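Undergrad: What follows is a predicted protein model with its sequence.
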Amino acid sequence: MYSLLSPADDIECVARCLRGDAAAFEAVVARYQRVLFTLALRLTGNREDARDATQNAFIRAFEKLDTFDPSRRFFSWLYRIAVNESLNLRRSQRQHDPLDAARDAAAATTDSVESAEREARVHAALLRLPSEQRAVVVLRHFAELSYEEIGEALHVPVKTVKSRLFMARQRLAPLLVEGE
């Protein structure tokens, strides 16, 4: 999921950026670009919006590096920014045509028609969840974060993460069956 950089490398990249070495941020972008794009795609439901949200998240993170607390995980801080950017972008736009989401999901999958259909059903079901539930599902099942990491990224207690995840799974089950 990640490159060979460690959390300590993230902190070093941030420190170098704060000392004026803007190029040091390239390692952060390279490390997290794919996972942030996947997160944004799941939250926005649209590839172009996901690209915009991902780019905006990196820009905002770079601009706000001086607010990062090095005693915390950089990864969680960056994820919170990406979640906020994705949700803000989604809120600022009108409801997307559900066919666009299905078409994007199908285009992203090259394995088979069946795989594309399954991906489209999951994608459509995720989009029907409330944003708080969608975020925990994406962070847990697609970004593979622990409950603690999700709580830190979303600024909620672990119990809230577990509760939201439980509720999301309860809502997803009938949505996925409905889509078959």
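TA: That came through fine. Residues are numbered from 1 along each chain as shown.

Undergrad: after the helix or strand bottoming out on mean pLDDT in the chain comes which helix or strand?
TA: Least confident helix or strand, the chain: helix 98-108 with a mean of 53, by mean pLDDT, DSSP states H and E. Remark: after helix 98-108, the chain's next helix or strand is helix 113-127, criterion DSSP states H and E.

Undergrad: does residue 152 count as helix, strand or coil?
TA: At residue 152 the chain is in helix, as set by DSSP: H, G, I helix; E, B strand; the rest coil.

Undergrad: my read: it touches residue 76, true?
TA: Yes. Assessed by CB atoms under 8 Å, residue 152 is found in contact with residue 76 at 4.1 Å. For glycine as for every other residue, the C-beta is placed from the backbone atoms N, C-alpha and C.

Undergrad: Closest to the centroid, which residue in the chain?
TA: Per CA atoms, centre = their mean, the C-alpha nearest to the average position across the chain is that of residue 39, at 2.3 Å.

Undergrad: In contact with that residue, which residues?
TA: Going by CB atoms under 8 Å, 6 or more residues apart in numbering, residue 39 touches 79, 82, 83, 86, 138, 139, 142, 143.

Undergrad: and it, what are its phi and psi?
TA: For residue 39, the backbone dihedrals are phi -60, psi -50 (criterion: degrees, to the nearest 10).

Undergrad: Quick check: it vs residue 154, distance?
TA: 12 Å (CB to CB, to the nearest Å).

Undergrad: Likewise for residue 11?
TA: Residue 11 is 21 Å from residue 154, where distance means CB to CB.
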